[in-house]
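Trainee: any chance you can model this:
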Amino acid sequence: MNTFLSKCSDSNRPMLESAFNVIETNNYWSFMSEYSPEEGKGFMFSSHPKLDEIRTKITDEWGHSGASLAYTMRVMEGIAKNNLK
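Mentor: Residues are numbered from 1 along each chain as shown. Below you'll find the model as predicted:
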């Protein structure tokens, strides 16, 4: 288990681990470390083909609501940009 994720709450950890595994398995860390959502749009409303692909795979794996997906994407962004993987 990722060290950062081991510190997350028990209720959020499975959801975040699922997203972490999708990003790891599909080699999306580089994209996540370099991409910043459009100003005022965040991860939910920004448009980029790779971002669309990531959101779809993460949602297919876990079944997110809009809010849980936005939260999960921000956590994954923090892991990627701070090299916590």
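Trainee: in this protein, which spans are helices?
Mentor: Taking DSSP state H as the criterion, the chain contains helices spanning 3-6, 13-25, 29-34, 42-45, 49-62, 66-81.
Trainee: any chance of those in TSV with mean pLDDT and mean neighbour count as columns?
Mentor: For the C-beta atoms, the positions are set from N, CA and C on the backbone; glycine is no exception. Putting those into TSV (pLDDT from 0 to 100; neighbours: other C-beta atoms under 10 Å) gives the following:
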stretch	mean pLDDT	mean neighbour count
helix 3-6	88	12
helix 13-25	95	17
helix 29-34	96	14
helix 42-45	92	14
helix 49-62	93	15
helix 66-81	94	17
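Trainee: and residue 26, how close does it get to residue 61?
Mentor: Using C-beta to C-beta, to the nearest Å, one obtains 11 Å as the distance from residue 26 to residue 61.
Trainee: again with residue 15
Mentor: Separation of residue 15 from residue 61 (C-beta to C-beta): 10 Å.
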